[in-house]
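Participant: need coordinates for the following:
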Amino acid sequence: MSTSTPHPDALRDGVHPRPRRDSLRAWLLDGISDDVASHQGPHAERVEKTHSWWRVMCLTGVDYFSTLGYQPAIAAVAAGLLSPFATIVLILLTLLGALPVYRRVARESPRGEGSIAMLEKLLSWWGGKLFVLVLLGFAATDFMITITLSAADATAHAVENPFTPSWFHGAEVPITLVIIALLAAVFLKGFKEAISIAVVLVGVYLLLNVVVIAVSLAHVFENTAVITDWWAALNRQHGNPLVMVGIALIVFPKLALGLSGFETGVAVMPQIRGDASDTNADPRGRVRGAKRLLATAAIIMTSFLLLSSIVTTLLIPQREFQAGGAANGRALAYLAHDYLGAGFGTVYDISTICILWFAGASAMAGLLNLVPRYLPRYGMAPQWARSVRPLVLVFTAIAFLITIVFDADVDAQGGAYATGVLVLITSASVAVTLSARHKRQRKRTIGFGVIAAVFAYTTVTNVFERPDGVRIAALFIVGILVVSIVSRVQRSFQLRATSVTLDEAAREFVTADADDYGAIRLVANEPDDGSAREYKDKIAGERRDSGIPHRAPVIFVEVHSADSSNFEEDLVVRGETVHGYRVLRVNSGNVPNTLATVMLEIRDETGVVPDIYFEWTEGNPLSNMFRFLVTGGGEVAPVTREVLRRAEPVPARRPDVHVS
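Facilitator: The predicted structure follows:
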């Protein structure tokens, strides 16, 4: 093994230098941890430094507020002259629907788990796991399209700036890929001080937007004819005001991008500084700060959405919003250049590009928190999925593919983005409805149920009108399911326990045999009726068929069924005396892997390698293997032996498996 030359300071301080690791594998897996959701990024569960809620709001704001870069233009394309009315509907849905829902989500998942974790708790076994995987597919759609859409819009602002080189035009895809690559480089090196950067970006960006909107409103008041012209055009297109309101209600789902910040707002909760009296079980200060964050962000965003939709609709010709138009994907930037000059417009473009790029960073951090939280724990991702760098490379490759497929087009990706956002908000609405129902809060159940129905309608409408979103989400879902199934099969022979604890009685059973006889004989028993005859017949058969000496002491070991869809478990082995027989009992959703883990723990506790005795399982080997993968049972003896063989490479230290 090659080593690096010790640094003089390291020798002087008495610190032993670590061996130099220059292999690609070591670099990729550097910092891998077995702790769920402990990865770098702004959404980590456990953080060393917390911040005031308003500073953390800026972290979620780089995602939420950055949509101002493209939302007004997308709204104009979707709703046309009705954009202000459709935006009002969106604002009402934000303040009266999404905000109450996520305030409840924040209260019930104060560690940033979000609505997916709430639904995971409400739904058990494989149905719950599959539902979570589907939601992860939509969440991946949301975050991945955030990265690609934000990068594409950053490119649009760069290309349309008057000071950029002419060769930028027509090079949108390469420029977008470079922006995404720079984002990946940040995470490959290490994503730190995210909140401090976010505060600066959000502060500058919102200030510049205030200037642009204020100047635009001044032009509207100076030339009120634009209002009368707009109203006349509306009447020519849609007739009376009631028709306009009806159409606005129909088209507002296309504006769902304006709801994008709520799930991220909950995800960053661990970063919020709570009260000194906060505990893990009751973090009231953190929850209160999260509610302030969500309410303040929603009020700021809805105010900007309304004002921006008004000024862009009144002052920008509709043709400029279409593909190839100067306001396509950059409506407020168009006004900044038009009314404040190229100098200010360039400053605005730079600010927009930076916050859009950092919105991709927030989304990447969300993915790095989301995937390790679920998939490895389900056994549905390789162990390297706990490490940051391999995941960054995977997500970057997917972002490259999406950018190329959509030709870095902001409008084309809007449907996919809206679908991901709406499905997550709908799932959150359902989660809080079920939570209120479970707690028998009748009025809140009805209220949240109505909100869930509205969001469900919005989601379905968006899917029918823009099916690209659900197609992309379906690809993510299929990809996640395929990877999950393959990974679960490949990891089926691993030890799965995150911890093993022998209670006092169990420890006494095994240490007594180890000290008195120098041997520990375990008899695997499938729990039946628990009668004395069950144990008597079992031990008589094993002594006869397996040759266990008549006076040799034995200990029964039983695995009582639990949720077989779980992959990682904390095992507690209980020692009990049943009808005069010593029995080790443990609850687990998987029998052979649990037995192997318990035997290795007994070996490590006592220093004696135990033996275990089985009966052959009846049935077809293929059906038994399928039972093992789904229910954790099946052909227990050979699988237990295989798990032990893979876990302990030294035969002399490997517990022996006897089958008769």
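Participant: with adjacent residues omitted, what lies nearest to Val421?
Facilitator: Ser260 (5.0 Å; C-beta to C-beta, 6 or more residues apart in numbering). C-betas here are computed from N, CA, C, even on glycine.
Participant: what's around the one you found, how many residues?
Facilitator: Residues lying near Ser260 (other C-beta atoms under 10 Å) number 29.
Participant: who's in contact with it?
Facilitator: Shown in contact with Ser260 (C-beta atoms under 8 Å, 6 or more residues apart in numbering): 63-64, 67, 142, 146, 417, 421.
Participant: quick one, strands of the stretch 151-300 of the chain?
Facilitator: Counting by DSSP state E, counting those that start in this stretch, one finds no strands in the stretch 151-300 of the chain.
Participant: hang on, I meant the chain
Facilitator: For the chain, applying DSSP state E gives strands covering 497-502, 521-524, 555-561, 569-578, 581-588, 611-614, 656-659.
Participant: and the average pLDDT for the longest one is what?
Facilitator: Okay, so that is strand 569-578. Mean pLDDT, computed over strand 569-578, is 86.
Participant: repeat that for the second one.
Facilitator: Per-residue pLDDT over strand 521-524 has a mean of 86.
Participant: does anything pack onto it? Which helices or strands?
Facilitator: If you count contacts as 3 or more C-beta pairs under 8 Å, 6 or more residues apart in numbering; DSSP states H and E, strand 521-524 packs onto helix 532-546, strand 555-561, helix 591-606, strand 611-614, helix 636-647.
Participant: in TSV, list these along with distance to Leu82 and mean pLDDT.
Facilitator: Shown next, in TSV, are the helices and strands packed on strand 521-524 (distance: least, C-beta to C-beta, whole Å; pLDDT from 0 to 100):
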stretch	distance to Leu82	mean pLDDT
helix 532-546	74	82
strand 555-561	58	84
helix 591-606	59	86
strand 611-614	71	86
helix 636-647	63	82
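Participant: in CSV: the ones you listed, plus distance to Tyr205 and mean neighbour count.
Facilitator: What follows is those, written out as CSV (distance: least, C-beta to C-beta, whole Å; neighbours: other C-beta atoms under 10 Å):
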stretch, distance to Tyr205, mean neighbour count
helix 532-546, 71, 15
strand 555-561, 55, 20
helix 591-606, 51, 24
strand 611-614, 64, 23
helix 636-647, 53, 20
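Participant: the ones you listed into CSV, with extra columns for distance to Val454?
Facilitator: Converted to CSV, the helices and strands packed on strand 521-524 look like this (distance: least, C-beta to C-beta, whole Å):
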stretch, distance to Val454
helix 532-546, 56
strand 555-561, 41
helix 591-606, 45
strand 611-614, 57
helix 636-647, 49
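Participant: figure out which of these is closest to Val500.
Facilitator: Nearest to Val500, of all the helices and strands packed on strand 521-524, is helix 591-606, at 4.3 Å by C-beta to C-beta.
Participant: now the closest one, how far from the chain's geometric center?
Facilitator: Distance, stretch centre to chain centre, for helix 591-606: 33 Å (C-alpha atoms, centre = their mean, to the nearest Å).
Participant: on that earlier part again, which of the helices and strands packed on strand 521-524 sits closest to Asn369?
Facilitator: Nearest of those to Asn369, taken as C-beta to C-beta: helix 591-606 at 27.6 Å.
Participant: dump the C-alpha coordinates for the closest one into PDB.
Facilitator: Once non-C-alpha atoms are left out, helix 591-606 reads as follows in PDB (Å, rounded to 0.1, in the frame of the first residue of the first chain):
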ATOM      1  CA  VAL A 591     -36.200 -15.300   9.600                       C
ATOM      2  CA  PRO A 592     -32.900 -16.600   8.100                       C
ATOM      3  CA  ASN A 593     -31.000 -13.300   8.200                       C
ATOM      4  CA  THR A 594     -32.200 -12.700  11.800                       C
ATOM      5  CA  LEU A 595     -31.100 -16.200  12.900                       C
ATOM      6  CA  ALA A 596     -27.600 -15.600  11.300                       C
ATOM      7  CA  THR A 597     -27.300 -12.200  13.000                       C
ATOM      8  CA  VAL A 598     -28.300 -13.600  16.400                       C
ATOM      9  CA  MET A 599     -25.800 -16.500  16.200                       C
ATOM     10  CA  LEU A 600     -23.000 -14.100  15.300                       C
ATOM     11  CA  GLU A 601     -23.900 -11.900  18.200                       C
ATOM     12  CA  ILE A 602     -23.900 -14.900  20.600                       C
ATOM     13  CA  ARG A 603     -20.500 -15.900  19.300                       C
ATOM     14  CA  ASP A 604     -19.100 -12.400  19.900                       C
ATOM     15  CA  GLU A 605     -20.800 -12.200  23.400                       C
ATOM     16  CA  THR A 606     -19.500 -15.600  24.600                       C
END
